[in-house]
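> Okay, here's the prediction I keep looking at, along with the sequence it came from:
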Amino acid sequence: MRNNRWYKDAIIYTLAIESFKDSNADGCGDFQGLQQSLKYFRLLGVDCLWLLPFYDSPNKDAGYDVRNYYDVDKRFGDLGDLVELINAAKAAGLRIIIDLVVNHTSQEHPWFLEAAQNLHSPYRDYYIWSTEKPEEDGSNAILAEEQDYTNWTYNKEAGAFYYHTFYKDQPDLNMTNPAVTEEVKKIMRYWLKLGVDGFRIDAAPHMIKEKGDCKFSIDPHDIFREWRAFIKELNPEAVFLAEVDVPLTRYTDFLEHDKQMHMLLNFYLNNYFFLAFAREESEPIAKALQKIPLLSEEEHLANFLRNHDELDLERLSEKERHEVFAVFAPHEDMRIFNRGIRRRLPPMFDNNKPRLALAYSMLLSLPGTPIIRYGQEIGMGDNLQKDGRNSVRTVMQWNAEENGGFSEVKAGAIDGDIIPNGPYGYKKVNVNQQLKDDKSLLNTIRKFIHARKNLDFRQGAFTVLDTSSKHCLAYRYELDKRNILILHNLSSKPITILLELNHLERYHTVVSDKKYGSATNNESGIYLNPYGYKWMTDNWIF
């Protein structure tokens, strides 16, 4: 049976192939290693894998510098291995979405090489050029301090400067050229025919900016409208998940009543998660939720705690950003790009297990599609000795054996990519150990996922509730046959709250941080432990 809105009910798990599981003892994760791990995802309860770039690439930017859109990085295997993985995932009931990185290419891409060598090549207009370096103040340079605060780099062969939004190794494609947008359609057709279920669109807002002298003759959003119609014809169930880190008021510009993206990554809510965590108060999250615009039946937002880059706090004011820095990144080496944090969540929370569970309780019970990044479910740490964003890209920790079960490569070969010792070392933090512990973070997250799917609260009307405590985030889903009440204490101290809610005595606990007993009435209040949480329903179904 066709399910065109499957993404609204899904739990998405995102991973980098190279960091997940090595099948051939060369020290690098690969397609076969991932295929061997598929049972794990069903055990966890996720429905969809988002694979970070695996294309042929010089890998100067973790694969986001694509050299060939129709081939794969040979470190991971060959195209046949990837097709086998896709087929095996489908047989296991898992969908796969992949990164579509078309704001730019690698400067080693054949298009760029020919464009630089031949002024009259049709590929010349695939990129953005200027014979003289335009005046600029560096304000448009993403990752500015790493690229000398400029968007223009000189190419000797071309005798001209080319435009790049990100690193100088990644020349931007010229989306004002219809030939380029047609090329992207070919790329999408190719991967959809190989069986993927959609695309995470990298740097979507940057694609439709006017750069240099290249001007759009159409509404730039027409590009996304055309692509949406195109993939719908090929596969009505295929989806676009877009990276759109823009002010909240612009979210609907990229959704537009089912004409452009299916889902947007919810950077806005993500920023206010961490302001709330820093203050141990619910108001930042409650206000952010109330400001999110009403969406159509097919439009959706995807929520996350940490991603594969830095924790970008751009949506906060400077004062708020430094408030978060003071709590979660007090030292300079914990920060990056003047606006972000390069730490994983457990070190930010001082490895406080109840607090980590609270954060995932919120992620998995709020409206929107939850995204879990590999290793989050077991509380993996980071390595601040690694450069830049690589601090949070250490390899998956499967067991307490050599190399954490990630690889059988000889001892010492991947020391820089794995956390060997300390509270986050693979001997203490790994999948195998946590599966045996009913109270582990992994099994706690499994319980959240199980409860989310059984309660099916996505269909309910969502309301943030007032409580008597600034530390409590409370919300309710109202469905035809039941109501669901969810409470969170963001504080390190116990609280007792009062709720203006009728028939509270009818609610039964589905999942919580401890056995609280039945819900009480508002005369005595509802007690929550430090970082405590309760999911309750007035219609028992478990």
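Arrived safely, thanks for sending.

> Around the nearest residue to L363 once chain neighbours are set aside, how many other residues sit close by?
In space, L363 comes closest to P370 once its chain neighbours are excluded; the distance is 5.1 Å by Cβ to Cβ, 6 or more residues apart in numbering. For every residue, glycine as well, the C-beta is placed using N, CA and C. Counted with other Cβ atoms under 10 Å, residues neighbouring P370 total 23.

> what are the C-alpha coordinates of the helix or strand where P370 lies, in CSV please?
Using DSSP states H and E, P370 sits within strand 369-373. Output in CSV follows, covering the C-alpha atoms of strand 369-373 (Å, rounded to 0.1, in the frame of the first residue of the first chain):
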residue,chain,number,x,y,z
THR,A,369,10.1,13.8,12.8
PRO,A,370,12.9,12.9,15.2
ILE,A,371,16.4,12.5,13.8
ILE,A,372,19.0,10.5,15.8
ARG,A,373,22.7,10.7,14.8
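
> Centre of the chain to that strand, how far?
Here strand 369-373 is found 6 Å from its chain centre; the criterion is Cα atoms, centre = their mean, to the nearest Å.

> picking up where we left off before, quick one: contacts for the residue nearest to L363?
Going by Cβ atoms under 8 Å, 6 or more residues apart in numbering, P370 touches I11, I12, A302, N303, F304, L363, L364, R452.

> let's see 10 Å
By Cβ atoms under 10 Å, 6 or more residues apart in numbering, P370 lies in contact with 10-13, 46, 302-305, 360, 362-364, 445, 448-449, 452.

> Then R335?
With Cβ under 10 Å, 6+ apart, R335 has these contacts: E310, L311, L313, R321, F325, F328, A329, I341, R342, R343.

> Name whatever forms a beta bridge with it.
Following DSSP bridges, R335 is listed with bridge partners I341.

> Relative to K353, how far out is it?
In this view, R335 and K353 are 25 Å apart by Cβ to Cβ, to the nearest Å.

> Kindly report the same for A326.
In terms of Cβ to Cβ, A326 sits 23 Å off from K353.

> the more surrounded of those two?
The neighbour comparison of A326 against K353 (other Cβ under 10 Å) goes to K353, with 16 against 10.

> Relative to N103, how far out is the residue nearest to the spatial centre of the chain?
Nearest to the mean C-alpha position of the chain, by Cα atoms, centre = their mean, lies N307 at 4.6 Å. N307 is 17 Å from N103, where distance means Cβ to Cβ.

> the helices in the stretch 401-542 of the chain, which residues?
431-435, 441-455 (DSSP state H, counting those that start in this stretch).

> Please produce CSV containing those helices, extended by mean pLDDT.
Converted to CSV, these look like this (pLDDT from 0 to 100):
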stretch, mean pLDDT
helix 431-435, 98
helix 441-455, 97
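
> Compile those helices into a markdown table and extend it with columns for mean neighbour count and distance to Y167.
Putting the helices of the stretch 401-542 of the chain into a markdown table (neighbours: other Cβ atoms under 10 Å; distance: least, Cβ to Cβ, whole Å) gives the following:
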| stretch | mean neighbour count | distance to Y167 |
| --- | --- | --- |
| helix 431-435 | 18 | 34 |
| helix 441-455 | 19 | 35 |
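
> okay, these in CSV with distance to L255 next?
Below are the helices of the stretch 401-542 of the chain laid out as CSV (distance: least, Cβ to Cβ, whole Å):
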stretch, distance to L255
helix 431-435, 36
helix 441-455, 23
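
> so which of these gets nearest F277?
Closest approach to F277 among the helices of the stretch 401-542 of the chain (Cβ to Cβ): helix 441-455, 16.4 Å.

> ok and that closest one relative to strand 369-373, angle-wise?
160 degrees (axes from the mean of the first three to the mean of the last three Cα atoms, to 10 degrees).

> related to what we said a few turns ago, show only the entries of the contacts of P370 found in helices.
Y360, M362, L363, I445, F448, I449, R452 (DSSP state H).

> Tell me the one of those residues nearest S19?
Nearest to S19 among those, with distances taken as Cβ to Cβ, is I445, at 19.4 Å.

> Could you double-check that the closest one lies in contact with K353?
No - counting by Cβ atoms under 10 Å, I445 stays clear of K353, with 11.8 Å between them.

> hey, what's in contact with both of these two?
G379.

> what about the helices in the stretch 151-300 of the chain?
According to DSSP H, counting those that start in this stretch, the helices that the stretch 151-300 of the chain contains are 178-193, 204-207, 221-234, 251-255, 267-279, 283-291.

> contacting residues for L248?
Contacts of L248 by Cβ under 10 Å, 6+ apart are N266, F267, Y268, L269, A288, K291, I292, P293, R315.

> Can you turn the buried part of those into a PyMOL selection?
Per 16 or more other Cβ atoms under 10 Å, the buried members of the contacts of L248 correspond to this PyMOL selection:
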select buried, resi 266+267+268+269+288+315
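
> What is the nearest of the contacts of L248 to K156?
Distances from K156 to these, taken by Cβ to Cβ, are shortest for F267, at 38.1 Å.

> For the closest one, which non-adjacent residue is spatially closest?
In space, F267 is closest to D245, 4.3 Å off (Cβ to Cβ, 6+ apart).

> From D513, how far off is that neighbour?
32 Å.

> Which secondary structure state does L82 sit in?
helix (DSSP: H, G, I helix; E, B strand; the rest coil).

> I'd like to know how far it sits from L52.
L82 is 13 Å from L52, by Cβ to Cβ.

> which one of these two has more residues nearby?
Taking other Cβ under 10 Å, L82 and L52 do not tie; L82 has more neighbours (27 against 24).

> related to what we said a few turns ago, would you confirm that the residue nearest to the centre of the chain contacts I341?
No - in this structure N307 lies outside contact range of I341 using Cβ under 10 Å: 11.6 Å.

> Common neighbours of those two, please.
V392.

> Quick check: pLDDT value at H308.
Here the pLDDT value assigned to H308 is 93.

> when you give positions from now on, start the count at 584
Right, with 584 as the first residue, what we last looked at is H891.

> The stretch 584-733 of the chain: strands as residue ranges?
595-598, 631-634, 638-639, 651-655, 678-683, 712-713 (DSSP state E, counting those that start in this stretch).

> Now mean neighbour count, mean pLDDT and distance to Q615 too, for the ones you listed, in JSON lines please.
Listed next are those as JSON lines, based on neighbours: other Cβ atoms under 10 Å; pLDDT from 0 to 100; distance: least, Cβ to Cβ, whole Å:
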{"stretch": "strand 595-598", "mean neighbour count": "22", "mean pLDDT": "98", "distance to Q615": "14"}
{"stretch": "strand 631-634", "mean neighbour count": "23", "mean pLDDT": "98", "distance to Q615": "14"}
{"stretch": "strand 638-639", "mean neighbour count": "20", "mean pLDDT": "98", "distance to Q615": "18"}
{"stretch": "strand 651-655", "mean neighbour count": "16", "mean pLDDT": "98", "distance to Q615": "12"}
{"stretch": "strand 678-683", "mean neighbour count": "22", "mean pLDDT": "98", "distance to Q615": "15"}
{"stretch": "strand 712-713", "mean neighbour count": "18", "mean pLDDT": "98", "distance to Q615": "42"}
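
> Out of those strands, which is closest to I1069?
When these are ranked by proximity to I1069 (Cβ to Cβ), strand 595-598 comes first, at 20.7 Å.

> Need the contact partners of the closest one.
604, 612, 617, 620, 623-624, 627-635, 677-678, 680, 682, 783, 824, 846, 885, 887, 890-891, 952-960, 979.

> what's the neighbour count on D1049?
D1049 has 11 neighbours, counted by other Cβ under 10 Å.

> Report the contact partners of it.
A869, C1055, A1057, I1080, L1081, L1082, E1083.

> For the closest residue to the second one other than its chain neighbours, give the beta-bridge partners.
Leaving out its chain neighbours, the residue that sits closest to C1055 by Cβ to Cβ, 6+ apart is I1080, at 4.9 Å. On the basis of DSSP bridges, I1080 takes part in beta bridges with I1109.

> okay but L1087 is in contact with D1121, surely?
Yes - look at L1087 against D1121 with Cβ under 10 Å: they come within range, at 8.8 Å.
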